[in-house]
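Engineer: Compute the structure for the input listed below.
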Amino acid sequence: MRLITVTALASSLALAACGSETEGEFTTEDGESGEYRIDQSSGESSMTVETEDGTVSMVTNSDAPTNLPAGFTMISGAQVLSNTMIDDGETKGSLTTFRSEKSPEEIAAHYREQAEEAGITIQIETNLNGGKMLGGENEATGTTFSVSAYPDDEGVVTGQLTISEEPG
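Structural biologist: The predicted structure follows:
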């Protein structure tokens with residue numbers, strides 16, 4: 001849950017910082033503090049958040065490393081639009097947005113196979129408006145994942161992959 005909260009905070013800060021300060025410090029309503037840096041020329045954002053549970057570090061950029069947690073890999077031919085890698089020392093996670101010429105079904109099949117190899121049980125699978133979403137968890141390891149993929153009017157698919165793992 002902490003990963004989701006920090007990811008949402010990172011997204012908010014990245015959007016709020018567009019066109020404004022390129023680095024600074026902040027304090028949340030919960031008293032957590034952090035600092036951020038945005039490189040206007042490359043679009044890279046980095047943030048460190050201090051919480052009572054420890055330090056969370058993030059880097060967001062279309063060029064951020066895509067060495068995804070839990071043995072997942074990007075589907076071949078994907079164009080990464082943005083990638084947020086999170087590491088707080090206990091939990092590693094990623095939030096990756098990408099475009100692909102593969103169908104939502106092909107994307108879902110790719111990530112289903114990788115999820116099952118990681119011992120993840122698929123707990124949700126939905127087809128909606130030509131798109132596909134699935135997600136699940138490996139309860140023994142705490143690894144969770146979800147992927148969604150939806151085509152636009154030209155048939156190009158935008159996907160979002162979220163993975164979180166708690167290394168043992």
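Engineer: any low-confidence regions in the protein?
Structural biologist: Along the chain, segments meeting pLDDT under 70 span 1-21, 36, 38-44, 46, 51-55, 57-66, 167-168.
Engineer: switch the cut-off to 80
Structural biologist: 1-24, 26-67, 85-90, 167-168 (pLDDT under 80).
Engineer: Just give me the residue closest to the centre of the chain.
Structural biologist: The centroid of the chain falls nearest to residue 95 when counting by CA atoms, centre = their mean (0.6 Å).
Engineer: OK, contacts around that one?
Structural biologist: Counting by CB atoms under 8 Å, 6 or more residues apart in numbering, residue 95 touches 7, 82, 83, 84, 86, 160, 161, 162. To be clear about C-beta, it is placed using only N, CA and C from the backbone, and glycine gets the same treatment.
Engineer: Just send these back as TSV, with neighbour count too.
Structural biologist: Output for the contacts of residue 95, formatted as TSV (neighbours: other CB atoms under 10 Å):
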residue	neighbour count
7	20
82	18
83	21
84	22
86	23
160	16
161	25
162	19
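Engineer: re the thing from before, just list whatever residues bridge to the residue nearest to the centre of the chain.
Structural biologist: residue 84, residue 162 (DSSP bridges).
Engineer: Do me a favour and get the end-to-end distance for stretch 111-131?
Structural biologist: 14 Å (CA to CA, to the nearest Å).
Engineer: What residues of that stretch count as buried?
Structural biologist: Within stretch 111-131, the residues scored as buried using 16 or more other CB atoms under 10 Å are 111, 112, 114, 115, 118, 120, 131.
Engineer: my read: the fifth one touches residue 70, true?
Structural biologist: What that stands for is residue 118. Yes: using CB atoms under 8 Å, residue 118 is in contact with residue 70, at 4.7 Å.
Engineer: shared neighbours of those two, which are they?
Structural biologist: Shared contacts of residue 118 and residue 70, defined by CB under 8 Å, 6+ apart, are found at 143, 145.
Engineer: Could you report the neighbour count for the closest residue to residue 132 other than its chain neighbours?
Structural biologist: Nearest non-adjacent residue to residue 132, counting by CB to CB, 6 or more residues apart in numbering: residue 104, 3.9 Å away. By other CB atoms under 10 Å, 23 other residues sit near residue 104.
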